[in-house]
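# predicted model, plus sequence, below.
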Amino acid sequence: MIEFAKKMHKSKLAPNTVVYEKGDHDDRFYLIASGSVKLMFHDSQEISFAKIVKGYFGEFELFRDCQRRYTVMTDEEQTVLYSISKEHFIELFVNRDRDFCNEFKEYAYEREKKFRDSLAELQKLI
């Protein structure tokens, strides 16, 4: 764990700060130490469709090696994030323990499906 912590970057972000935007090629995995983030859908307006509190985000696109699927923005309070590069994410999570990696990847895909389902339900209402 000490090795993991040494490779992390700490950021203190003001409320309503964009962490990354849909389509970005951001290459980081994020842990929320305090505060929260919201996943945003952009059409003719910005709409929040999910909130993550003291959790993590950004893993799905690292596993899939794809562009960011949603815009992520800090919520109403200051948010402290720790992030790690894709290179170190792969080194620490993927290359070390295949069983853990496969379980984490499966969970990431399930979580992504829930986000997509939430977004689809919201789009029906717009």
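Sure thing, it's come through.
# and the helix or strand hosting D117, how far out from the chain middle?
Using DSSP states H and E, D117 maps to helix 98-125. Helix 98-125 has its average C-alpha position 11 Å from the chain's average C-alpha position, going by Cα atoms, centre = their mean, to the nearest Å.
# buried ones in it?
K105, A108, R111, E112, F115, L119 (16 or more other Cβ atoms under 10 Å). All C-beta spots, glycine's among them, are computed from the backbone N, C-alpha and C.
# identify, from these, the entry nearest to A50.
Nearest to A50 among these: F115, at 5.5 Å, using Cβ to Cβ.
# find the residue closest to the closest one in space, skipping its chain neighbours.
Of all residues not flanking F115 in the chain, A50 sits nearest, at 5.5 Å (Cβ to Cβ, 6 or more residues apart in numbering).
# so for stretch 55-69, mean pLDDT?
On average, the pLDDT along stretch 55-69 is 89.
# can you list contacts of it?
20-32, 37, 39, 72, 83, 86, 89-90, 104-105, 108-109, 111-112, 115 (Cβ atoms under 8 Å, 6 or more residues apart in numbering).
# center of this structure, which residue is that?
In the chain, the centroid-proximal residue (Cα atoms, centre = their mean) is F57; its distance is 2.1 Å.
# show me what it is bridged to.
Note on F57: beta-bridge partners Y30, judged by DSSP bridges.
# and it, how far from Y70?
9 Å (Cβ to Cβ, to the nearest Å).
# cool, I84 as well?
In this view, I84 and Y70 are 20 Å apart by Cβ to Cβ.
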